[in-house]
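Trainee: I need the structure of the sequence given here:
(3 chains)
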Amino acid sequence: MKRAICWFRRDLRVADNAALSIAARQAEQIFPLFILDDEILAAPDMGAARVSFLLESLRNLQNSLRALGSTLAIRRGNAVEELARFCQETQAEAVFAGRNYEPFCVQRDQRVDARLNAIGVGFELVKDAVIWEEREVLTRAGQPFSVFTPYAKAWHAKKPRPAAFPRPKSLSKPLPLASCPIPETSAELGYPLKQAIPAGGEDSGAKALTSFLAQAAASYANQRDFPALAGTSRLSPHLHFGTIGIRSVLAGVERMARSAGDTAKQSAAVFINELVWREFYLQILANYPRVLNGCFRSEYDALPWREDKSLFQAWCAGQTGFPIVDAAMRCLNATGWMHNRLRMIVSMFLAKDLLLPWQWGERYFMQQLVDGDHAANNGGWQWSAGTGTDAAPYFRIFNPTTQGEKFDPEGAFIHQWLPELEALPGPAAHRPWDQPMLARKYPAPIVDHAQQRIACLALFQSVRGGH
DNA sequence: TGAAATGTTGGGGCG
DNA sequence: ACGCCCCAACATTTC
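Mentor: Predicted coordinates for the structure are as follows:
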């Protein structure tokens, strides 16, 4: 084939990139393209952190492609129309792209496929973002798993795993095509950024992996649950945008495990388990797209959550009077990122203490998180609310104070985000109500945990018909 | 990838 | 010395 388009979407890198690598093997000339899709940019769950990370990643990708002798064309508008137009401008015979698993993207790709077929252009979607796709790990009966443990077992058993894709050594110089400039800031796309977010781009992704492997990875099993430590990988935004490849991450962690002692091996296993959770929720979304519109266990759609805007407002702003919840939410608002343990705590608090619809929290997370990902986010929220696959059972309710004391024993994380509590040293920071005179300007708890816990159990009983 | 309520046990204070 | 009670500490059950 003479000419092919490599349509970048959520694989914003040149290393270990399936679509780019396969296109470069099959075509003499490659036209790299990214489309700023108006429909995605206008989605109600899009946010400034993610737009900004995307733009930085595009600039980095542009530099990497130029270093290979090529250039990234940027278009903006309706993806189907822009792609068809680009095909005609380039006279390409085919379009290659990494497969996406979200319902919106799947439907968009169906429209793309029909449109390109109509103008005689091939459209090839290739596996890139995951080790195993939604139809590759199934029960013996050929059904998708909806429980994690057997899924993980089957995931691990499946061999051989896909190998990394070679990075193209050079790309041919493309035609001088029109291209929009990459917007300087997310504000140009309607998303003013008011926070300092993690750095985007493939180079940053590679650095994040290297530094994780050199530092936190070996003690991940023991330290990942403590938000005051730098115990996690921070790779989530890179995995979301594909500024790092999943095969590279897996290979890196396995290499680390081979050269290290038992705790490091154990840590590698725990970390890989998290990568499996990521694919578990991706296959749930791909096989059951309805989870974006309701509970996986649909009988729980009838739960009478309370639609209290002022409680929700307090949760969003980190003004609930529960230190671990408020510190976590202020961290999210200020950085676009939140530690995984804290995501569990604040999401369970929204659902089971505030009794608010979990979908409100799901959307707020999407709007704020730099790594906001429909599959992982929905899976996590349904887990916390007790409405999902393999979810925390409805009666498993975190006590936010106990969780704080357990996972932030010195109150270090609290002090980092709640200056009002600096007069309460150490673990006392978790119980400001014991010394209200010292907790200046810090709100009293907006709900009583013991009381709300009972109310939550009753809420679920009302739907379960009293087992 | 819980927490609270309830049950059991055993050491020590005390009359 | 003995029985009684208290209550940690731990185990089990329940949601």
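
Trainee: quick check, stretch A:262-270 touching DNA strand B?
Mentor: No: against DNA strand B, stretch A:262-270 shows no contacts by Cβ under 7 Å from any atom of the strand, the least distance being 9.9 Å. (Each C-beta comes from the backbone N, C-alpha and C, glycine too.)

Trainee: Pull out the buried positions in that stretch.
Mentor: The neighbour-count check on stretch A:262-270 (16 or more other Cβ atoms under 10 Å) flags A:Ala264, A:Lys265, A:Gln266, A:Ser267, A:Ala268 as buried.

Trainee: who's in contact with whichever residue of the stretch 1-150 of chain A sits closest to DNA strand B?
Mentor: Closest to DNA strand B within the stretch 1-150 of chain A is A:Phe148: 6.1 Å, counting by Cβ to the nearest atom of the strand. Shown in contact with A:Phe148 (Cβ atoms under 8 Å, 6 or more residues apart in numbering): A:Val276, A:Trp277, A:Phe280, A:Thr389, A:Asp390.

Trainee: Among these, which one has the most neighbours?
Mentor: A:Phe280 (25 neighbours; other Cβ atoms under 10 Å).

Trainee: doesn't A:Lys153 make contact with it?
Mentor: No: under the criterion of Cβ atoms under 8 Å, A:Phe280 is not in contact with A:Lys153, lying 11.6 Å apart.

Trainee: residues in chain A within reach of DNA strand C, list them.
Mentor: So far as Cβ under 7 Å from any atom of the strand goes, chain A lies against DNA strand C at A:Phe395, A:Leu457, A:Gln461.

Trainee: Nearest to DNA strand B among those?
Mentor: Among the residues of chain A next to DNA strand C, and counting by Cβ to the nearest atom of the strand, the member closest to DNA strand B is A:Phe395, at 4.5 Å.

Trainee: The closest one: neighbour count?
Mentor: 12.

Trainee: Pull up the residues of the stretch 351-467 of chain A that are close to DNA strand B.
Mentor: Within the stretch 351-467 of chain A, the positions near DNA strand B by Cβ under 7 Å from any atom of the strand are A:383, A:392, A:395-399, A:402-403, A:406, A:449-450, A:453.

Trainee: Which members of these occur in strands, if any?
Mentor: When DSSP state E is applied, those are split such that none fall in strands.

Trainee: Now for whichever residue of the stretch 201-350 of chain A sits closest to DNA strand C: which residues touch it?
Mentor: Closest approach between the stretch 201-350 of chain A and DNA strand C, counting by Cβ to the nearest atom of the strand: A:Met348, at 13.5 Å. A:Met348 is in contact with A:Ser384, A:Ala385, A:Ala392, A:Ile397, A:Phe398, counting by Cβ under 8 Å, 6+ apart.

Trainee: Buried only: go through these for me.
Mentor: A:Ser384, A:Ala385, A:Ala392, A:Ile397, A:Phe398.

Trainee: I figured the third one hits A:Gln382, correct?
Mentor: Read it as A:Ala392. No: if you go by Cβ under 8 Å, A:Ala392 and A:Gln382 don't touch, sitting 9.6 Å apart.

Trainee: Give me the below-cutoff pLDDT ranges for the stretch 351-467 of chain A.
Mentor: Residues of the stretch 351-467 of chain A that meet the criterion pLDDT under 70 lie in A:465-467.

Trainee: before we move on, the earlier item: among the contacts of A:Phe148, which pair sits farthest apart?
Mentor: A:Val276 and A:Thr389 (13.8 Å; Cβ to Cβ).

Trainee: who in the stretch 51-200 of chain A is up against DNA strand B?
Mentor: Neighbours of DNA strand B within the stretch 51-200 of chain A, by Cβ under 7 Å from any atom of the strand: A:Phe148.

Trainee: mind redoing it with 10 Å?
Mentor: Contact residues (Cβ under 10 Å from any atom of the strand) of the stretch 51-200 of chain A with DNA strand B: A:Phe148, A:Thr149, A:Ala152.

Trainee: What are the phi and psi values at the first one?
Mentor: Note on A:Phe148: backbone dihedrals following degrees, to the nearest 10 are phi -70, psi -50.

Trainee: That one and A:Phe96, how far apart?
Mentor: 33 Å (Cβ to Cβ, to the nearest Å).

Trainee: Pick out the residue of the stretch 51-200 of chain A closest to DNA strand C.
Mentor: Counting by Cβ to the nearest atom of the strand, the stretch 51-200 of chain A gets nearest DNA strand C through A:Val147, at 17.9 Å.

Trainee: On the three-state scheme, A:Phe226 is what?
Mentor: Classification of A:Phe226 using DSSP: H, G, I helix; E, B strand; the rest coil returns coil.

Trainee: mind checking pLDDT for it?
Mentor: The per-residue pLDDT reported for A:Phe226 equals 96.

Trainee: quick check, the one helix or strand A:Asn222 maps to touching DNA strand B?
Mentor: Counting by DSSP states H and E, the element that carries A:Asn222 is helix A:220-223. No: looking at helix A:220-223 against DNA strand B by Cβ under 10 Å from any atom of the strand, there are no contacts, and the closest approach is 12.0 Å.

Trainee: Could you pull up the mean pLDDT of that helix?
Mentor: Mean predicted confidence for helix A:220-223 is 94.

Trainee: how far out from the middle of the chain is that helix?
Mentor: Helix A:220-223 sits 21 Å away from the centroid of its parent chain (Cα atoms, centre = their mean, to the nearest Å).

Trainee: follow-up on the earlier one: next step: the residues of chain A next to DNA strand C restricted to helices.
Mentor: Mapping the residues of chain A next to DNA strand C onto helices (DSSP state H) picks out A:Leu457, A:Gln461.

Trainee: Which of the residues of chain A next to DNA strand C sits closest to A:Trp315?
Mentor: Nearest member of the residues of chain A next to DNA strand C to A:Trp315, counting by Cβ to Cβ, is A:Leu457, at 20.5 Å.

Trainee: isn't that closest one right next to A:Phe395, touching?
Mentor: Yes: with contacts counted by Cβ under 8 Å, A:Leu457 reaches A:Phe395, the gap being 6.2 Å.

Trainee: longest helix anywhere in chain A?
Mentor: helix A:262-287.

Trainee: Show the secondary-structure elements that it is packed against.
Mentor: helix A:148-157, helix A:220-223, helix A:246-258, helix A:374-385 (3 or more Cβ pairs under 8 Å, 6 or more residues apart in numbering; DSSP states H and E).

Trainee: Mean neighbour count, those: which tops it?
Mentor: helix A:374-385 (a mean of 24; mean count of other Cβ atoms under 10 Å).

Trainee: burial measure for A:Pro166, as a count.
Mentor: A:Pro166 - counted by other Cβ under 10 Å - has 13 other residues nearby.

Trainee: so it sits in a helix?
Mentor: No: looking at A:Pro166 with three-state DSSP, it is coil, so not inside a helix.

Trainee: Please, which helix or strand holds A:Pro32?
Mentor: strand A:29-37.

Trainee: Identify the residues contacting that strand?
Mentor: A:2-9, A:12, A:20, A:23-24, A:58, A:61, A:65, A:70-79, A:82-83, A:86, A:90, A:92, A:108, A:168, A:171-172, A:174-175, A:177, A:180, A:189.

Trainee: Just checking: what are the partner strands of it?
Mentor: According to DSSP bridges, strand A:29-37 has the following sheet partners: strand A:3-8 (parallel), strand A:73-77 (parallel).

Trainee: Alright, calling it a day.
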